[in-house]
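Chemist: Sequence below, structure please.
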Amino acid sequence: MVTNQRGELGDQQHAMQQTLRSSIGCVGVGLHSGARTSMTLRPADADSGIRFIRKDHQLSTPIAARFDQVCDTNMCTTVGQRDGVVVSTIEHLMAALAAMEIDNVLIEVDGPEVPIMDGSAQPFIFLIECAGVVRQSSPRRWIEVLKPVTAVAHGKSARLEPITANAVDNAGMASHLFEVDCRIAFEHPLIKNQSFTHCLTPERFKSDIASARTFGFAERVEELWARGLALGGSLKNAVVVSQDKVLNEEGLRFKDEFVRHKVLDSIGDLYLAGAPIIGRFVGDCAGHAMHNKVLRALFADPTAWRYAGPAADEQAMPLRKAAGA
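Modeler: Residues are numbered from 1 along each chain as shown. As a prediction, this is how the structure comes out:
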C-alpha cells in the first residue's frame with residue numbers, strides 16, 4: 001500500500017464519499033446509435049454507487065456501473081441487464097466521475113447511449129462542476145491491487161499492478177493513488193507509436209486528459225455504418241484522420257491526443273471496478289475488451305486485491321459476491 005510515514009494513505013485515507021450537490025442534465029447524440037438522448041445526473045445516497053437507469057423503459061431497474069455488468073465492448077463499453085435494457089458508450093462519463101472523485105450518482109438516460117458531446121470527457125467535467133460536489137456521511141473505500149494481474153490477447157495486453165513509491169511525494173504523503181501508462185501503435189503516419197503516463201488527480205486530469213477526443217479513420221466510416229456503428233459520428237464529436245491529414249478544421253488539441261484519449265478510456269473503464277483503484281495500470285494497445293478482462297482477472301483472484309480504507313471489511317462483501325470470491 002502507498003503510505004505516508006505514519007503508515008496511512010495520507011488525508012485521502014480519511015476522505016468521505018462524494019455525490020453531486022444538485023441534479024444537472026444535457027442533451028446530445030449517441031456516437032454509435034445516432035439517437036438524440038437526454039441525460040440527467042442526480043445525487044445519490046452514500047454507498048449506492050454509480051448506477052444507470054433507462055427512463056424510456058417503464059420497468060427498467062438501475063444498472064450498476066460495474067465490471068460484471070458489462071455486456072459488450074465492441075467500439076465502446078456497454079452495461080446492461082438480462083432483459084436487454086442497456087446503456088452504451090459510458091466510458092467518457094465514467095472517466096469524468098473517476099477523476100472528480102464522485103462515488104455515488106444516479107444517471108438517467110432516455111435512450112440506449114450516453115450522449116457523446118464533443119467526444120471527450122470535458123463536457124462531463126463541466127456538468128459535474130456546475131452541479132457541485134458534496135461530501136457524504138460514509139467513508140470512501142479503495143480497491144488496492146496487491147499483486148500483478150495481466151490479460152493478454154491478439155498481441156494486446158492490460159496489466160494491473162501495485163503502485164510504487166513514485167506515488168509518494170517528498171513529504172512522504174500519497175500524491176496520487178492511481179497511475180495509468182498507455183501505449184498505442186497504428187500503421188498510420190499521423191499516429192504511429194505513442195505513449196503517455198498519467199497520475200490521476202482531478203487537476204491533472206482536467207489539464208492533461210479530459211479534452212482528448214475519441215478518434216477514427218475516414219477510410220473505415222462506411223464499414224462502421226454498415227455494422228450499425230458510428231451513426232452519430234461527425235467532426236464535431238471525433239477526430240477523423242484520412243491517409244495524410246486530420247480532417248477536423250481546428251486540428252488536434254494535443255500533438256499526442258490519440259494516446260491521451262486511450263488514457264481517458266482506460267480511466268473510465270477501470271472505474272467499473274466499483275470503487276477507485278490503488279494501483280498502476282499498464283495498457284499495450286489495449287481497448288475496452290482488455291480493460292474489462294483485466295478487471296475480471298483481478299477479482300477472480302481473492303489474493304490479488306483487497307479493500308483499503310475505514311470499515312473496509314464490512315464494505316467488501318457486495319463486490320466479493322459479484323466477483324464470485
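
Chemist: quick one: the strands in the stretch 151-300 of the chain?
Modeler: Counting by DSSP state E, counting those that start in this stretch, one finds strands in the stretch 151-300 of the chain at the ranges 156-161, 178-185, 193-199, 215-217, 239-241, 277-284.

Chemist: Report the buried residues of the third one.
Modeler: In terms of neighbour count (16 or more other C-beta atoms under 10 Å), strand 193-199 has its buried residues at Gln194, Phe196, His198, Cys199. The way it works is simple: take the backbone N, C-alpha and C, and place the C-beta from them, glycine included.

Chemist: what do you get for the second one?
Modeler: For strand 178-185, the neighbour count (16+ other C-beta under 10 Å) marks Phe178, Glu179, Val180, Asp181, Cys182, Arg183, Ile184 as buried.

Chemist: Check the last one too.
Modeler: Of the residues in strand 277-284, those scored as buried under the neighbour-count criterion (16+ other C-beta under 10 Å) are Ile277, Ile278, Gly279, Arg280, Phe281, Val282, Gly283, Asp284.

Chemist: what bridges to the second one?
Modeler: Beta bridges link Ile278 to Glu144, judged by DSSP bridges.

Chemist: before we move on, the earlier item: turn the buried residues of strand 193-199 into JSON lines, including pLDDT and distance to Ile24.
Modeler: What follows is the buried residues of strand 193-199, written out as JSON lines (pLDDT from 0 to 100; distance: C-beta to C-beta, whole Å):
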{"residue": "Gln194", "pLDDT": "98", "distance to Ile24": "34"}
{"residue": "Phe196", "pLDDT": "98", "distance to Ile24": "30"}
{"residue": "His198", "pLDDT": "98", "distance to Ile24": "26"}
{"residue": "Cys199", "pLDDT": "97", "distance to Ile24": "28"}
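
Chemist: quick one: which of these is nearest Tyr307?
Modeler: Taking C-beta to C-beta as the measure, Tyr307 sits nearest to Cys199 out of the buried residues of strand 193-199, at 22.0 Å.

Chemist: was I right about that closest one contacting Leu177?
Modeler: No. Using C-beta atoms under 8 Å as the test, Cys199 is too far from Leu177 to be in contact (9.1 Å).

Chemist: which residues of this protein score low on pLDDT?
Modeler: 1-14, 82-83, 165-175, 311-325 (pLDDT under 70).

Chemist: Mind doing that once more with 80?
Modeler: Screening the chain residue by residue with the criterion pLDDT under 80, one finds the ranges 1-14, 59-60, 81-83, 164-176, 310-325.

Chemist: A strand includes Gly25, no?
Modeler: Yes. According to DSSP: H, G, I helix; E, B strand; the rest coil, the state of Gly25 is that of a strand.

Chemist: how close does it sit to Ile90?
Modeler: Gly25 sits 16 Å away from Ile90 when distances are taken as C-beta to C-beta, to the nearest Å.

Chemist: And Ala65, by the same measure?
Modeler: For Ala65, the distance to Ile90 - C-beta to C-beta - is 7 Å.

Chemist: Tell me how many other residues crowd Ile102.
Modeler: 22 (other C-beta atoms under 10 Å).

Chemist: any idea what it is structurally, helix, strand or coil?
Modeler: Three-state assignment for Ile102 (three-state DSSP): coil.
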